[in-house]
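**Q** Fold the following and give me the result.
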Amino acid sequence: MGRTSMTGEAAPVPLTVPFLVLASGFIATVVAFLGAGVVGGTPVAEAAGGWLGPDATPLAPATPAFRVWSLIYLGLLAYSVWQVLPPQRRSSRQRRLRPWAVASMLLNAAWIWSVQLDQLTVSLIVIVVLLGVLVRVLVLMIEAPAENRVGAVLADGTFGLYLGWVTVATVANVAAVLAANGVDGLGSPSGTWDDVAAAVVLVGAAAAAVGVGTAWRSGGRLMPAAGLAWGLAWIGVARLDGAWESVVTSAAAFLAAAVVLAVAVAWRVRRDRRF
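**A** Numbering: from 1, shown residues only. Take a look at the predicted model:
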């Protein structure tokens, strides 16, 4: 009984659950200040041996790429507050999203802590799980469309951007772990750059394929594509100079970013024209 439809209203959930989401949002934000070095922690780029820094591996984005976290955290906080309101407490959609939202925010905090503790391999495990959680969030949002524009912005927009960026961050995390464990060519550009460049181009192609697949599956949702393209573009910027300078890999990253955005926009236009 209770739920009238997948996107309709149900009996209000107890305040305990929405407040757990709210608490998770604040925890994630506070821990983020730690990861930025604002409240005594070590900046992520300098923690864990510096393997997550912008010039540590050929798959590391340039420093400005990480500014997207400010927008993501702002969105998570806004969503956390919004979903406590009475209409959202009756929303069947929010009922389904809340557990996964909590998991995503706590996993984000766990990732920062693992990096602060120099546990690079643990951080990779955490971010892979986080990526899986965000994919699940996207699936739920596709199954249950937003009831209004505010919900579309705060939930779909925030978690879509979050998913796109974490996809790129996962790739960078994989490269960092491999480099830290001595995989030839990933920790030092000397001697094996041609092989590494080829590998980076393949990763860019794979990322573009993921973006195209996401656009198709989601009906042209723009924010996952924006987050993914943002990260890819800044990998391209990072390869324009520094230890890993390479015109080929930079061009591959920019091309992948452009493909992801173009396909998402084209699919969105195609979908909208059908209605």
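
**Q** For residue 91, give me phi and psi.
**A** Backbone geometry at residue 91, expressed as degrees, to the nearest 10, gives phi -80, psi 130.

**Q** Please look at it and residue 147 and confirm they touch.
**A** Yes. If you go by C-beta atoms under 8 Å, residue 91 and residue 147 touch, sitting 6.6 Å apart. Just so you know, the C-beta spots here come from the backbone N, C-alpha and C atoms, and that holds for glycine as well.

**Q** residue closest to the middle of the chain?
**A** Centrality entry for the chain: nearest residue to the mean C-alpha point is residue 166, 2.4 Å, by C-alpha atoms, centre = their mean.

**Q** right, and that one touches residue 131 too?
**A** Yes. Using C-beta under 8 Å, residue 166 is in contact with residue 131, at 5.4 Å.

**Q** related to what we said a few turns ago, residue 91 and residue 147: who's more crowded?
**A** Neighbours per residue (other C-beta atoms under 10 Å) separate residue 91 from residue 147, with residue 91 holding more: 27 against 18.

**Q** And the more buried one, how far from residue 262?
**A** 34 Å (C-beta to C-beta, to the nearest Å).

**Q** Then residue 107?
**A** From residue 107 to residue 262 the distance is 31 Å (C-beta to C-beta).

**Q** name the helices or strands packed onto the helix or strand of the chain with the lowest mean pLDDT?
**A** Lowest on mean pLDDT, DSSP states H and E among the helices and strands of the chain sits helix 193-218, with a mean of 76. Identification of packing neighbours for helix 193-218 by 3 or more C-beta pairs under 8 Å, 6 or more residues apart in numbering; DSSP states H and E yields helix 120-143, helix 158-180, helix 222-238, helix 247-273.

**Q** got the angle for it vs helix 222-238?
**A** 170 degrees (axes from the mean of the first three to the mean of the last three C-alpha atoms, to 10 degrees).

**Q** Show me the shaky parts of this protein.
**A** Where the chain drops to pLDDT under 70, the residues are 1-11, 38-40, 184-197, 274-275.

**Q** Now do the closest residue to residue 138 other than its chain neighbours: how many residues are near it, please.
**A** The shortest distance from residue 138 to any non-neighbouring residue, by C-beta to C-beta, 6 or more residues apart in numbering, is to residue 163 (5.8 Å). Around residue 163 there are 26 other residues, counting by other C-beta under 10 Å.

**Q** how much space between residue 163 and residue 134?
**A** 4 Å.

**Q** again, but for residue 217
**A** For residue 217, the distance to residue 134 - C-beta to C-beta - is 14 Å.

**Q** Of those two, which one has the most company?
**A** residue 134 (26 against 15).
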